[in-house]
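Trainee: Starting from these lines, generate the structure:
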Amino acid sequence: MDRVEAVQTPKAPSGISRTVWVIPVDPTTIYERVFPLPLPGTDRINFEIAISNVVPGPLNEEILVAALRSTLKYYPHANGRVRRNGDDWSLGAGKRGVPITFETIAEPLDHHQKPSFVSPVVVDSISTDISGANEPDWDEPMLRLKITFCPKTRETFIGWSSSHMLGDGEFVYQFMYAWSQFYQGEAPKFGMPTYEKYRTAPPDEINDNPSTASFISRYLPHLAELHPIDKWAEMIGEAFNASTPVDILFTADHIQQLRTIADSWPGRTGSGTSAHDAIAGYIITTMNRCLEKDKSITRVSSIFSYRGIKNPPDLKPTDWRVPGLLAIGNVMFHALTPTLSSDESSSIGALAAAIRKSVRDARNYEHVKRVVAVSNPIWLRQSKEGSEHKFWDDRTLIVNSMGRANWSLQHFGFGPHRIRTHAYKDFPGFVRCFQCTPSKQLDGTWNVHDGDVWIFMRVPTEIHDRFMAMVAADLNSLEFPHNVAKRERVAQGRILGAVARL
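Mentor: Numbering: from 1, shown residues only. Reported below is the predicted structural model:
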């Protein structure tokens with residue numbers, strides 16, 4: 001695709017939006033090769049993924065649409081629509097394409113520089129609950145995009161809203177990176193995505209195996225009990241009402257100090273502490289300092305991708321295989337620690353070690369195969385009955401880390417140090433971690449947060465104030481001998497150590 005240098009301000013007058021429907025380059029050949037894609041139970045996740053990238057200038061609409069067409073050639077399933085034939089679900093090719101809406105707004109958005117903020121002005125919400133759809137062909141788009149331009153600030157918000165059925169956060173990251181590259185007249189630097197997950201049936205599990213129930217209790221407790229949609233909505237509403245969202249920035253110095261603290265735990269064995277382990281260990285111990293003992297966090301569940309885990313060399317052609325590193329779909333599961341004692345759940349080092357062991361033990365073919373085999377029929381039952389499982393637990397914290405993904409690479413030609421990424425949503429019992437993207441200051445300068453990590457989560461409202469005070473005090477007290485200037489800025493509050501999003 002030729003790169004056109006002219007920059008075009010969005011055509012829509014202020015407050016008026018228009019939508020373009022985009023289909024892939026050479027759709028006939030692509031669709032014949034890809035569709036239909038069967039949807040196993042583990043891909044029937046009726047939730048929305050929403051993000052917004054913010055770039056400091058207008059984008060050329062014609063180039064943006066052409067780049068999207070090229071990106072859809074790599075990811076044609078993003079133009080998929082759910083097809084239902086009884087209990088069999090699949091993705092079929094959409095007739096109209098992927099909608100991208102352009103809008104110009106008069107007043108700047110009050111985004112507060114927070115990664116967990118996605119304005120409804122930026123992202124058109126997509127309905128992802130199709131469990132009650134009666135028609136066999138559900139022709140709503142699974143992906144919606146929105147480009148919002150503000151002339152006053154010269155900022156463009158690139159809004160994304162997709163159904164989780166198209167894939168997990170890795171898919172979103174790959175797609176947005178490819179779109180950014182094509183906009184700049186370049187192809188993505190990684191290879192074409194693969195669809196092998198859809199070509200091999202999930203492994204079978206002997207449901208009456210006596211060990212299955214204990215396996216679910218040990219590794220998949222979030223799938224153990226299904227609830228009718230109305231009951232589930234009531235429960236999650238209560239959980240939201242009883243909790244308050246918070247955002248916390250851990251600088252690279254904070255993380256290194258926490259890793260050092262965790263590594264000094266006398267009981268540590270094996271590899272060193274990762275940023276994921278250290279941050280989770282700190283968050284949980286701090287929450288437990290605020291919670292009553294009978295409400296303390298005693299287990300940690302780490303969500304991670306199992307892409308690229310080594311397959312045994314003696315597999316038969318018909319055997320189930322772990323998908324490769326560029327696989328499309330939902331290729332993730334939970335690695336759960338055992339129930340921890342009160343001493344262990346109050347020690348950063350003990351928690352970090354338990355988290356690392358749970359992830360390490362889960363990274364093998366046989367474990368992954370069984371998790372997929374056991375969880376797939378549970379998800380199938382959920383979609384068949386129109387029910388939902390309770391994925392949160394008052395005494396288990398789920399940690400979903402995207403801290404290694406460099407979202408600044410999706411800069412659409414403005415440079416990696418001049419783009420911000422905002423993500424959504426927060427859920428009860430979830431901690432979400434993202435690599436901190438650059439932030440624009442009121443004076444127009446940019447701060448680059450190399451190695452810093454943003455987390456956002458919800459904490460019980462009853463402990464919110466005490467928890468945030470502890471976090472602020474802890475982070476401000478950590479010493480950074482090699483970076484005095486940053487330490488002083490943290491102490492003065494110019495870099496946010498802990499910010500409550502009210």
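Trainee: Please report phi then psi for residue 288.
Mentor: Here is the backbone geometry of residue 288 (degrees, to the nearest 10): phi -70, psi -20.
Trainee: Can you tell me how far it is from residue 378?
Mentor: Computed as Cβ to Cβ, to the nearest Å, the residue 288 to residue 378 distance reads 30 Å. C-beta: built from backbone N, CA, C; applies to glycine.
Trainee: in this structure, which residue is closest to the centre?
Mentor: The centre of the chain sits closest to residue 169, judged by Cα atoms, centre = their mean, with a distance of 4.3 Å.
Trainee: now it, nearest residue through space, not along the chain?
Mentor: Spatially, and ignoring its direct neighbours in sequence, residue 169 is nearest to residue 402 (5.5 Å; Cβ to Cβ, 6 or more residues apart in numbering).
Trainee: Can you tell me the number of residues neighbouring that neighbour?
Mentor: Applying other Cβ atoms under 10 Å, we find 20 residues neighbouring residue 402.
Trainee: Now residue 340: closest residue in space that isn't a chain neighbour?
Mentor: Here the residue nearest residue 340, using Cβ to Cβ, 6+ apart, is residue 298, at 5.1 Å.
Trainee: Just want the phi and psi numbers for the one you found.
Mentor: The phi and psi torsions at residue 298 (degrees, to the nearest 10) take the values phi -120, psi -10.
Trainee: and it, how many residues sit next to it?
Mentor: 19.
Trainee: How are the helices of the stretch 351-500 of the chain distributed by residue range?
Mentor: Ranges of helices in the stretch 351-500 of the chain, per DSSP state H, counting those that start in this stretch, are 365-385, 464-477, 484-492.
Trainee: Would you enumerate the residues in contact with the residue nearest to residue 169?
Mentor: Residue 402 makes contacts with 169, 173, 432-435, as judged by Cβ atoms under 8 Å, 6 or more residues apart in numbering.
Trainee: Show the backbone phi and psi for residue 58.
Mentor: phi -80, psi 160.
Trainee: That one and residue 258: what is the separation?
Mentor: Residue 58 sits at a distance of 41 Å from residue 258 (criterion: Cβ to Cβ).
Trainee: Looking at these two, which one has more neighbours?
Mentor: Remark: of residue 58 and residue 258, residue 258 carries more neighbours, 24 against 18, as counted by other Cβ under 10 Å.
Trainee: Spell out the secondary structure type for the closest residue to the more buried one other than its chain neighbours.
Mentor: Nearest residue to residue 258 in three dimensions, chain neighbours excluded: residue 278, at 3.9 Å (Cβ to Cβ, 6+ apart). State at residue 278, reduced to three classes by DSSP: H, G, I helix; E, B strand; the rest coil: helix.
Trainee: Who are the contact partners of residue 278?
Mentor: Under the criterion of Cβ under 8 Å, 6+ apart, the neighbours of residue 278 are 255, 258-259, 261-262, 348, 352.
Trainee: now these: which count as buried?
Mentor: 255, 258-259, 261-262, 348, 352 (16 or more other Cβ atoms under 10 Å).
Trainee: Can you pull the domain assignment for this protein?
Mentor: What automatic domain parsing lists as the domains of the chain is 17-193, 212-500.
Trainee: mean confidence for the longest one?
Mentor: Across domain 212-500, pLDDT averages out at 84.
Trainee: Strands of the stretch 351-500 of the chain, residue ranges please.
Mentor: Secondary structure of the stretch 351-500 of the chain by DSSP state E, counting those that start in this stretch: the strands cover 387-389, 396-402, 420-424, 430-435, 439-440, 446-447, 453-460, 498-500.
Trainee: Which among the ones you listed is found nearest to residue 151?
Mentor: Closest to residue 151 of the strands of the stretch 351-500 of the chain is strand 439-440 (Cβ to Cβ; 16.5 Å).
Trainee: pretty sure residue 74 contacts residue 176?
Mentor: No: contact criterion Cβ atoms under 8 Å: residue 74 and residue 176 do not qualify, at 11.8 Å.
Trainee: Including distance to residue 203, could the domains of the chain go into JSON lines?
Mentor: Compiled in JSON lines, the domains of the chain are given as follows (distance: least, Cβ to Cβ, whole Å):
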{"stretch": "domain 17-193", "distance to residue 203": "11"}
{"stretch": "domain 212-500", "distance to residue 203": "4"}
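Trainee: who wins for proximity to residue 199 among those domains?
Mentor: Of all the domains of the chain, it is domain 17-193 that lies closest to residue 199, at 8.8 Å by Cβ to Cβ.
Trainee: Deepest-packed of the helices of the stretch 351-500 of the chain, please.
Mentor: Most buried of the helices of the stretch 351-500 of the chain, by mean neighbour count (mean count of other Cβ atoms under 10 Å): helix 365-385, with a mean of 18.
Trainee: what's it in contact with?
Mentor: The contact list for helix 365-385 (Cβ under 8 Å, 6+ apart) reads 40-42, 44-45, 87, 89, 131, 202-205, 207, 212, 215-216, 219-220, 223, 226, 306, 309-312, 320, 322, 333, 361-362, 387-389.
Trainee: From those, list the buried ones, please.
Mentor: For the contacts of helix 365-385, buried by 16+ other Cβ under 10 Å: 40-42, 44-45, 89, 202-203, 205, 212, 215-216, 219-220, 223, 226, 306, 309, 311, 320, 322, 333, 362, 387-389.
Trainee: Pretty sure residue 227 sits in a strand.
Mentor: Yes: remark: residue 227 belongs to a strand, assigned using three-state DSSP.
Trainee: The contacts of residue 278 in helices, which ones?
Mentor: Using DSSP state H, the subset of those located in helices is 255, 258-259, 261-262, 348, 352.
Trainee: right, and out of those residues, which lies closest to residue 144?
Mentor: The nearest member of these to residue 144, counting by Cβ to Cβ, is residue 255 at 34.8 Å.
Trainee: ok, the nearest residue in space to the closest one that is not next to it in sequence - how many residues close by?
Mentor: Leaving out its chain neighbours, the residue that sits closest to residue 255 by Cβ to Cβ, 6+ apart is residue 275, at 5.0 Å. Residue 275 sits with 21 neighbouring residues when counted by other Cβ under 10 Å.
Trainee: For residue 275, give me the backbone phi and psi.
Mentor: Main-chain torsions, residue 275, degrees, to the nearest 10: phi -60, psi -40.
Trainee: Tell me who's in contact with the residue nearest to residue 429 when sequence neighbours are not counted.
Mentor: Using Cβ to Cβ, 6+ apart and skipping the chain neighbours, the partner closest in space to residue 429 is residue 392 (3.3 Å). Taking Cβ under 8 Å, 6+ apart as the criterion, residue 392 is in contact with 222, 236, 239, 398, 427-430.
Trainee: What of residue 478?
Mentor: Counted by Cβ under 8 Å, 6+ apart, residue 478 has contacts 253-254, 257.
Trainee: Include distance to residue 186 when you put the residues you listed into a markdown table, please.
Mentor: Shown next, in a markdown table, are these (distance: Cβ to Cβ, whole Å):
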| residue | distance to residue 186 |
| --- | --- |
| 253 | 34 |
| 254 | 35 |
| 257 | 39 |
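Trainee: Between the residues you listed, which sits nearest residue 93?
Mentor: Residue 93 lies nearest to residue 254 out of the contacts of residue 478, by Cβ to Cβ, at 47.2 Å.
Trainee: What is the burial count for the closest one?
Mentor: By the criterion of other Cβ under 10 Å, residue 254 has 25 neighbours.
Trainee: pretty sure it contacts residue 476?
Mentor: No: assessed by Cβ under 8 Å, residue 254 is found out of contact with residue 476, at 10.0 Å.
Trainee: looking at it, residue 31 is touching residue 76, isn't it?
Mentor: Yes: counting by Cβ under 8 Å, residue 31 touches residue 76, with 6.5 Å between them.
Trainee: Residues in contact with stretch 166-179: which ones?
Mentor: Contacts with stretch 166-179, where a contact means Cβ under 8 Å, 6+ apart, come from 49, 51, 53, 67-68, 70-71, 74-75, 77-78, 80, 91, 142-143, 158, 160, 162, 188, 190, 193, 305, 307, 326, 328-332, 400, 402, 405, 407, 409-410.
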